[in-house]
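Student: only the shape, not the letters, is given here:
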Ligand code: LTN
């Protein structure tokens, strides 16, 4: 079942917001690459979505949207395990157990908690304990590698601390995971404000390219992308300038090096260059969009694929959870809990 020669990879993806070209470049693209080299689990973290104000009907739709998008960008249900967090009850249980070895003070120092709670009138307890749920996600699978964005470094550090504290207090149980951070294409900037990251929530409609945008919408967005005055098509990543961002985007879309692209477009006008970048992104995203539309239209098939994923996930997560209960001194629940965990929800 598990292949010990390949590192176990685990990542969680929030089912909220429309996913951007930035998410593709710094996330989805990496996930697909791990299929060849690792034993990979990709979890749609719906339980994390309830930590801020949300709409139940949206959550259901976004969960299926994200599942379709993960398969459309190239994840293969035979090679990887793609599943919804709420379908595997071990996640919610692990979060409670791990809260015993998580420091209240450390949770209070999480910058994401401080940013997300600032100025809100209602701050849920779940927003505060969010990193404990995330630690459980990772640790249940005896994960070696966690592909994540830079903004998740502090959460990963907490997960490592939690693993070490549990191992020390209750005996060796968890593998201590390492983060993998994207080198190239990890920071795609907003097309209208190239000093800011392209964002699902903060970018304007024109500043962000969505993975499921139509070819025409994509062309339009690149046509109106901000460039720099009088600098020509030159790469200068430090300047955080529009042209450098466009070069990076075209490099991601075509697989060609920045040097190679500079050689071709160095003397071209901005108009010609922007059109070429737009076309390269259309070529990258059009097939993904088509696969997405086809998969999304077949909810039964999506549900089936998620059920296959959840089954595979349970087979790995449940034994870890059992070990946690046992090491922590809980009396054995003869068959009861195991049966409960393996039983499909709703029965
Ligand atoms: N917090 C992460 C999502 C996430 C995750 C995980 C990532 C939840 N659980 C486990 C990696 C591993 C985010 O907001 N991107």
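Tutor: Arrived safely, thanks for sending. All values reported here derive from a predicted model rather than from experimental measurement.
Student: ok now do the residue nearest to residue 204 when sequence neighbours are not counted, which residues does it touch?
Tutor: Nearest non-adjacent residue to residue 204, counting by C-beta to C-beta, 6 or more residues apart in numbering: residue 192, 5.9 Å away. Heads up, the C-betas are built off the backbone N, CA and C, glycines and all. Residue 192 is in contact with 203, 204, 206, 207, 224, 225, 226, counting by C-beta atoms under 8 Å, 6 or more residues apart in numbering.
Student: how much space between residue 192 and the ligand?
Tutor: 24 Å (C-beta to the nearest ligand atom, to the nearest Å).
Student: re the thing from before, looking at the contacts of residue 192, which is nearest the ligand?
Tutor: residue 203 (16.6 Å; C-beta to the nearest ligand atom).
Student: quick one: secondary structure of that closest one?
Tutor: Secondary structure, DSSP: H, G, I helix; E, B strand; the rest coil: residue 203 is coil.
Student: what's the local residue count around it?
Tutor: Neighbour count for residue 203, taken as other C-beta atoms under 10 Å: 21.
Student: report the contact partners of residue 279.
Tutor: By C-beta under 8 Å, 6+ apart, the contact list for residue 279 reads residue 219.
Student: pretty sure it sits in a helix.
Tutor: Yes. The assignment for residue 279 (three-state DSSP) places it in a helix.
Student: and it, how far from residue 138?
Tutor: Residue 279 is 39 Å from residue 138, where distance means C-beta to C-beta, to the nearest Å.
Student: please, where are all the strands along this protein?
Tutor: Using DSSP state E, the strands of the chain run over 8-13, 39-44, 81-84, 145-147, 178-180.
Student: how about those strands in CSV, adding distance to residue 232?
Tutor: As requested, the strands of the chain are exported to CSV (distance: least, C-beta to C-beta, whole Å):
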stretch, distance to residue 232
strand 8-13, 38
strand 39-44, 41
strand 81-84, 44
strand 145-147, 35
strand 178-180, 35
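Student: which one of these lies nearest to the ligand?
Tutor: With C-beta to the nearest ligand atom as the criterion, the ligand lies closest to strand 8-13 of the strands of the chain, at 2.6 Å.
Student: how far does stretch 43-58 sit from its chain's centre?
Tutor: Computed by C-alpha atoms, centre = their mean, to the nearest Å, the chain-centroid distance of stretch 43-58 equals 14 Å.
Student: go on, stretch 30-43?
Tutor: Distance of stretch 30-43 from the chain centroid (C-alpha atoms, centre = their mean) equals 12 Å.
Student: can you check stretch 249-265 too?
Tutor: 26 Å.
Student: need the contact list for residue 102.
Tutor: 129, 131, 132, 135, 158, 162, 165.
Student: repeat for residue 35
Tutor: Contacts for residue 35 were tallied using C-beta under 8 Å, 6+ apart; they are 74, 75, 76, 79, 80.
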